[in-house]
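In: here's a sequence, model it:
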Amino acid sequence: MITLDELWARMFNFENYGELLALVQNSLIAGAILGIVGGLIGVFVMQRDMAFAVHGISELSFAGAAAALLFGVNVVAGSLAGALVAAILIGVLGSRARDRNSIIGVLMPFGLGLGILFLALYPGRSGNKFGLLTGQIISVDDPQLAWLTGISIVVLAGLLCMWRPLSFDSLDADVAAARGVPTRFVSLAFMVLLGLIVAVSVQIIGALLVMALLVTPAAAALRLSASPLWVPVLAMLFGLVSAVGGILLALGGSLPISPYITTISFVIYLGARVIGLRTKPRAGLR
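Out: Below is the predicted model of the structure:
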């Protein structure tokens, strides 16, 4: 049985903190980028009621990463392949919410089962297996950081290019289609961008808890404001604080990074919900 002192020492131990901080500069940069981009795309995830899709994509991204680990190829590439397959399937076959949820419900157990199979067959270190599920704080090397940065730039550029039609389609798809917005193309393009950012998020926080960066910050922002300006700004801020704060806290403990990031993200959401309850509905920052 573990004592409270031992538990505290495992969670928060800041000896040699400065030396450890120098070892995770790449992870801090990657966490900051993912927090910002994840918070931004999360706004559209919430507006389009696609939080469930994030989890479904992450499961196939995990399966792709596990397959890459087993066969000795680039794990990021495997994660991207799995995420894009899931995103395109959901985007093409799930144009309606009912169909989309059914497809996601089918893909999730299939992806998780494949991932577990590949990890069971993998003969290497167990730490590599566990890291795909919960994230690895010091696993981001220079090539991986280049991948993450490049993909995040592509996602940001894609969101900016289709911001107006995507916003219109997210708020009212029927009216957007009547006004000539190519809603099917916009939906599929958004799913591809979502698949890209989910795949790179898996490398930092792990497949099981990826929604902490792609859903929770945006959900918290929407509790505080309905402004088209403030919601994205707050979501990016909350994502940045969750990712970077979680990494900084994880340095002082022996636990995986995921509990720290998810806890900070959850606390932010609770705080936003409490503040939202004290104000009039949709009367936050404007």
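
In: from here on, just use CA atoms for contacts and neighbour counts.
Out: Fine.

In: what about the helices in the stretch 101-250 of the chain?
Out: Shown for the stretch 101-250 of the chain, the helices assigned by DSSP state H, counting those that start in this stretch span residues 126-134, 142-161, 163-171, 173-178, 183-205, 211-214, 216-224, 230-250.

In: winner for burial among those?
Out: Ranked by average neighbour count under the criterion mean count of other C-alpha atoms under 10 Å, the helices of the stretch 101-250 of the chain are headed by helix 211-214 at a mean of 29.

In: right, and Ile247 touches Thr262 too?
Out: No: Ile247 is not in contact with Thr262 according to C-alpha atoms under 8 Å; the separation is 10.9 Å.

In: give the contact list for Pro143.
Out: Applying C-alpha atoms under 8 Å, 6 or more residues apart in numbering, one finds that Pro143 lies in contact with no residue.

In: show the model's pLDDT score for it.
Out: Note on Pro143: pLDDT of 83.

In: Met46 versus that one, what's the distance?
Out: In this structure, Pro143 lies at 32 Å from Met46, with C-alpha to C-alpha, to the nearest Å as the measure.

In: just give the nearest non-adjacent residue to Leu80, would you?
Out: Counting by C-alpha to C-alpha, 6 or more residues apart in numbering, the nearest residue to Leu80 once its immediate chain neighbours are dropped is Ala199, at 5.1 Å.

In: how about the contacts made by the one you found?
Out: Contacts of Ala199 by C-alpha under 8 Å, 6+ apart are 58, 61, 76, 79-80, 83.

In: closest one of those residues to Ser187?
Out: Nearest to Ser187 among those, counting by C-alpha to C-alpha, is Ala83 at 15.8 Å.

In: about what we covered before: of the contacts of Ala199, which is the most crowded?
Out: Counting neighbours by other C-alpha atoms under 10 Å, Ser61 comes out on top of these with 37 neighbours.

In: quick one, the helix or strand harbouring that residue and helix 183-205 angle?
Out: Counting by DSSP states H and E, the element that carries Ser61 is helix 51-71. In this structure, helix 51-71 runs at an angle of 60 degrees to helix 183-205, with axes from the mean of the first three to the mean of the last three C-alpha atoms, to 10 degrees as the basis.

In: show me what helix 51-71 is packed up against.
Out: helix 75-93, helix 97-121, helix 126-134, helix 183-205, helix 211-214 (3 or more C-alpha pairs under 8 Å, 6 or more residues apart in numbering; DSSP states H and E).

In: pLDDT of stretch 62-76, averaged?
Out: The predicted model gives stretch 62-76 an average pLDDT of 88.

In: contacts for it, please.
Out: For stretch 62-76, with C-alpha under 8 Å, 6+ apart as the criterion, the contacting residues are 77-83, 111-116, 118-119, 121-123, 129, 132-133, 144, 147, 199-200, 202-203, 207.

In: for stretch 36-52, same thing?
Out: Looking at stretch 36-52 with C-alpha under 8 Å, 6+ apart, the contacting residues turn out to be 101, 104, 152, 155-156, 159, 167, 170-171, 194, 197, 211, 213-215, 217-219, 231-233, 235-240.

In: off-centre distance for it?
Out: With C-alpha atoms, centre = their mean, to the nearest Å as the basis, the distance from the averaged C-alpha position of stretch 36-52 to the chain average is 9 Å.

In: next one: stretch 243-262
Out: Distance of stretch 243-262 from its chain centroid, counting by C-alpha atoms, centre = their mean, is 15 Å.

In: could you work out the end-to-end span of that stretch for me?
Out: 9 Å.

In: what do you get for stretch 247-259?
Out: Per C-alpha to C-alpha, stretch 247-259 runs 10 Å from first to last residue.
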